[in-house]
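**Student:** all I have is the shape, not the residue letters:
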């Protein structure tokens, strides 16, 4: 069973530490030479992430899998899930991220008498071994908690994508693994294929929050729901045409790649950039110098228009400077 009191304490301590670090980070933002409309080349746009966490055979949006039809949330046994991510940021709001994961998902229900597709059973639990889980997702930075501060140190984000997962569900006759199990590894696919893993497409949807720990490193806390295009992820098909799903609660670190002199595009505040440009002393000096040059030109034009004797001919063209007025 999952020990939720300890989990809550761990998460609370992690959040408290992250808020303390980010509070210090936003007080002294690093100076930047990036300019508005200067293009992506003036920023760091690649990030590498490493994360791990607990997998659960259910998602917060509801629905049921074959083994968790009557199970309370606290009765889930978490599995281990871990992986890497590489993201290319195309703007301060949107980026594309490629992810690769491995791990396992444990499904258990002491009250369920589920059966395999072939009719054998009953089975009370399953341990689905995930050989690989790869996806390409769009990541959207949706908001910052630092609404009134020029330095952005906390980012909320959402993601959605498309992926491929390869897995082998091992089902057990009871929660006690010694009571017997069925492992079809090496027997998947069409006759003669003898595949070790089932392969299915799936849709990942995620949310999360990032805390900027330094100019290079961020703490990433996230939740991913994975909707599989199949009903055999847990090894049984007790709900007819239903589709299986599972979730991952993860924590990890994200590293900004690229030249140290460039800021990370993930943490750029465009409004602050525009403000800095308007308040740039060099720019203000150039504006004042331009105003002086315009004043000089205006004065020169007035001098060229000067007609001392009022005969309608400017002084610099007047061959008879003492003509009567109006002549």
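**Tutor:** Thanks, I have the structure now. What you see is a predicted model; the values in this text were computed from it and never measured.
**Student:** longest helix of this protein?
**Tutor:** Looking across the chain with DSSP state H, the single longest helix is helix 281-305.
**Student:** immediately after the least confident helix or strand in the chain by mean pLDDT, which helix or strand?
**Tutor:** Within the chain, no helix or strand scores below helix 4-25, which has a mean of 50 by mean pLDDT, DSSP states H and E. Counting by DSSP states H and E, the element after helix 4-25 in chain order, helix or strand, is strand 46-56.
**Student:** for that following strand, list every residue counted as buried.
**Tutor:** 47, 49, 51, 53-56 (16 or more other CB atoms under 10 Å). The C-beta positions use only the backbone N, C-alpha and C, and glycine is treated the same way.
**Student:** and for the residue nearest to residue 54 when sequence neighbours are not counted, the neighbour number?
**Tutor:** The shortest distance from residue 54 to any non-neighbouring residue, by CB to CB, 6 or more residues apart in numbering, is to residue 78 (3.6 Å). By other CB atoms under 10 Å, the residues close to residue 78 number 19.
**Student:** does residue 78 really touch residue 56, like I thought?
**Tutor:** Yes: when contacts are counted by CB atoms under 8 Å, residue 78 is listed as touching residue 56 (6.1 Å).
**Student:** would you map out the domains in this structure?
**Tutor:** If you go by automatic domain parsing, the domain ranges for the chain are 4-266, 280-317.
**Student:** which of the ones you listed comes out lowest on mean pLDDT?
**Tutor:** Per-segment mean pLDDT for the domains of the chain reaches its minimum on domain 280-317, at a mean of 74.
**Student:** which parts of the stretch 201-327 of the chain are strands?
**Tutor:** Assigned by DSSP state E, counting those that start in this stretch, the strands in the stretch 201-327 of the chain fall at 217-228, 245-257.
**Student:** then the stretch 51-200 of the chain?
**Tutor:** In the stretch 51-200 of the chain, the strands defined using DSSP E, counting those that start in this stretch lie at 79-89, 94-108, 125-144, 154-172, 181-183, 198-212.
**Student:** now the second one: buried residues?
**Tutor:** It refers to strand 94-108. Here strand 94-108 shows 95, 97, 99, 101-108 as buried, counting by 16+ other CB under 10 Å.
**Student:** what do you get for the third one?
**Tutor:** If you call a residue buried by 16+ other CB under 10 Å, then strand 125-144 has these buried ones: 125-130, 132-133, 135, 137, 139, 141, 144.
**Student:** correct me, but residue 87 touches residue 94?
**Tutor:** No: counting by CB under 8 Å, residue 87 does not reach residue 94; the two are 10.5 Å apart.
**Student:** and for these two, which residues touch both?
**Tutor:** Counting by CB atoms under 8 Å, 6 or more residues apart in numbering, the contacts common to residue 87 and residue 94 are residue 139.
**Student:** show me the contacts for the residue nearest to residue 54.
**Tutor:** 2, 54-56, 106.
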